[in-house]
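>>> Take a look and give me a structure for this.
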Amino acid sequence: MSETVTADRLADLTDKARSVFGNLVIDKRRLPMSQLQKRGVPAYVGEWVLDAIVPGEGPLTAEESEKLQEWASRFIPGPRDAKRIQHRLKSGEHVKVLTPVEVEIQLHPHKPRQFARLSLLGIREAYISDEIVRQHPALLDEGMWGVVELLYVEGVGVAITSFRPMQASVDLELFQEARREFTLEEWRWLLLLSMGYNPTVFSPQEQTLLLCRLIPLVQKSAHLMELAPKGTGKSYIYENISPHVKLVSGGNVSPAVMFVNNATERWGILARYAVVVLDEVQTLRFDKPAEIVGGLKGFLANGRLSRGGLHETSSDCSFVMLANITLNEQQQPMKQPLVEELPEFLRETAFLDRIRGLLPGWKLRKLTADCFANTLGLKADFFGDALLELRHALEIDEYCYRRVRIRGTRRYQRNEEAVRSLASGLMKIQFPHMDVTDEQLRTYCVDPAAELRQQIWSQIYMLDAEYRQYSEAIECALT
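This is a model prediction of the structure:
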């Protein structure tokens, strides 16, 4: 495809996206130019700020950059600003900042407590009214980003006097109908642009692999592993797509963090987020690894969370593990089995079997400057919320359950369940309106889903003779 033809097709897609989605699209070049992410804000926050302060398309002008930086310096606290803000509050100032807020409840027998945490400001306990919490219940779960107004009140401490959250309203039916306005190629390109990628750089196979990273957002309990060399952007989409996605990168991972803190009775991240991602698992420090793997096996199998029999709940959170692997000169994995570079306790086959699929990230190119979006895409906050809303498109789950099966007499039930779940996720991403031919379903949903499951199944098959009573190859059919 010539550069002229490609440019024309991108221009046509831009016009159509603007026509169909209106102010829900944004020029993806503007956020990197803004330098907002150097202040520690994710893309879904940065784009919200851009649209509020300097709306428009095209590269940022010098005047827009100056206006944006002036606003950011006033309202987005940096790592060194916490004590300065605390001093301003102590001096009686009314302070307005953009920051994440999370509400804690402690039900003490004599005096229940409710307070807000503002971790970026170093404020562990701030007063927040019942009215604000009732208006924004997500504050009680994973927390919310928003503009808060703070005041220090004698005898009370720091108080939140107002809270204006980022908001992106999504009508799932309208989103599904909007898909009808685009061809499949246009829709895939729009999704990739919304993720921050330039679709014209990637082959169709690479595009599909990039879209597979969205499966945990649109599909409940879609547990994935991605193995890839450094520089392929494994974690980028997860840390920039939604506040409902928790990326754990570095530090200690404990049963209290993952499942429940028995001392405080606070549920862990698997109960509070839609997606939990462990990044670079080789470098994470795991406290009580045997307890973590034991708890994860139960959670991955049936969605139940418990710890020591004291607490129990259910969660449809999707769990993702990202890890770096070493490639040879042919850019293929150097070691077999692939999971050999994971911590030993994560190589247990009973644990791996509960992972739906393994994304072969070594088949993706390393990211260079031309790999990133250079035109319009959906705003990150709207895009993330739309993907999460697709979790509730149960009619697509039912459709794939009915249509997708594995061939053969020695088929393994968990393989079939995994392929159906992953195929349903890919259908939600690419065909949310359910207007799909059998050929499209097979090519863009079922075959890639089978490849993801085959990658993990081949590892299990290699490591454990117990599984060799079943067919080694996963072959799918449509009924």
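>>> use CA for all of it now, contacts and neighbours both
Fine.
>>> Assumed residue 323 was part of a strand.
Yes: under DSSP: H, G, I helix; E, B strand; the rest coil, residue 323 sits within a strand.
>>> does it really touch residue 284, like I thought?
No: assessed by CA atoms under 8 Å, residue 323 is found out of contact with residue 284, at 10.4 Å.
>>> Show me the domain layout of this structure.
82-165, 176-478 (automatic domain parsing).
>>> Could you measure from residue 221 over to residue 315?
Using CA to CA, to the nearest Å, we find residue 221 at a distance of 8 Å from residue 315.
>>> and the lengthiest strand in the chain, average pLDDT?
In the chain, taking DSSP state E as the definition, the longest strand is strand 95-106. What strand 95-106 shows for mean pLDDT is 92.
>>> which outside residues touch that strand?
Residues external to strand 95-106 that are found in contact with it (CA atoms under 8 Å, 6 or more residues apart in numbering): 74-77, 85, 88-89, 112-120, 133, 139-151.
>>> For residue 95, see how far away residue 82 is.
Relative to residue 95, residue 82 is positioned 12 Å away (CA to CA).
>>> give me the element residue 145 is part of.
strand 144-153 (DSSP states H and E).
>>> Is the nearest residue to residue 223 once chain neighbours are set aside in a helix, a strand, or coil?
Using CA to CA, 6 or more residues apart in numbering and skipping the chain neighbours, the partner closest in space to residue 223 is residue 319 (4.7 Å). When classified by three-state DSSP, residue 319 comes out as strand.
>>> neighbours around residue 319, how many?
Using other CA atoms under 10 Å, residue 319 has 25 neighbouring residues.
>>> ok, it - contacts?
For residue 319, the contact set (CA under 8 Å, 6+ apart) comprises 216, 221-224, 270, 275-277, 300.
>>> Return the set of residues that bridge with it.
Counting by DSSP bridges, residue 319 forms beta bridges with residue 276.
>>> re the thing from before, just checking: what are the partner strands of the strand holding residue 145?
For strand 144-153, pairing defined by DSSP bridges yields strand 95-106 (antiparallel), strand 157-165 (antiparallel).
>>> Turn those into TSV, including mean neighbour count and distance to residue 437.
Shown next, in TSV, are the strands paired with strand 144-153 (neighbours: other CA atoms under 10 Å; distance: least, CA to CA, whole Å):
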stretch	mean neighbour count	distance to residue 437
strand 95-106	19	44
strand 157-165	18	41
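>>> Mind checking these for the one nearest to residue 466?
In terms of CA to CA, the element of those nearest to residue 466 is strand 95-106, at 46.2 Å.
>>> Tell me the gap between that closest one and the middle of its chain.
22 Å (CA atoms, centre = their mean, to the nearest Å).
>>> Same check on stretch 80-98?
What separates the centre of stretch 80-98 from the centre of its chain is 32 Å, taken as CA atoms, centre = their mean.
>>> so how many other residues sit close to residue 250?
Neighbour number of residue 250 under other CA under 10 Å is 14.
>>> Likewise for residue 75?
Neighbours of residue 75 under the rule other CA under 10 Å: 16.
>>> on that earlier part again, single out the most deeply packed of the domains of the chain.
Among the domains of the chain, the stretch with the highest mean neighbour count (mean count of other CA atoms under 10 Å) is domain 176-478, at a mean of 19.
>>> Identify the residues contacting the closest residue to residue 102 other than its chain neighbours.
Distances taken as CA to CA, 6+ apart put residue 143 closest to residue 102, at 4.2 Å, once the chain neighbours are dropped. When contacts are counted by CA under 8 Å, 6+ apart, residue 143 touches 100-103, 243.
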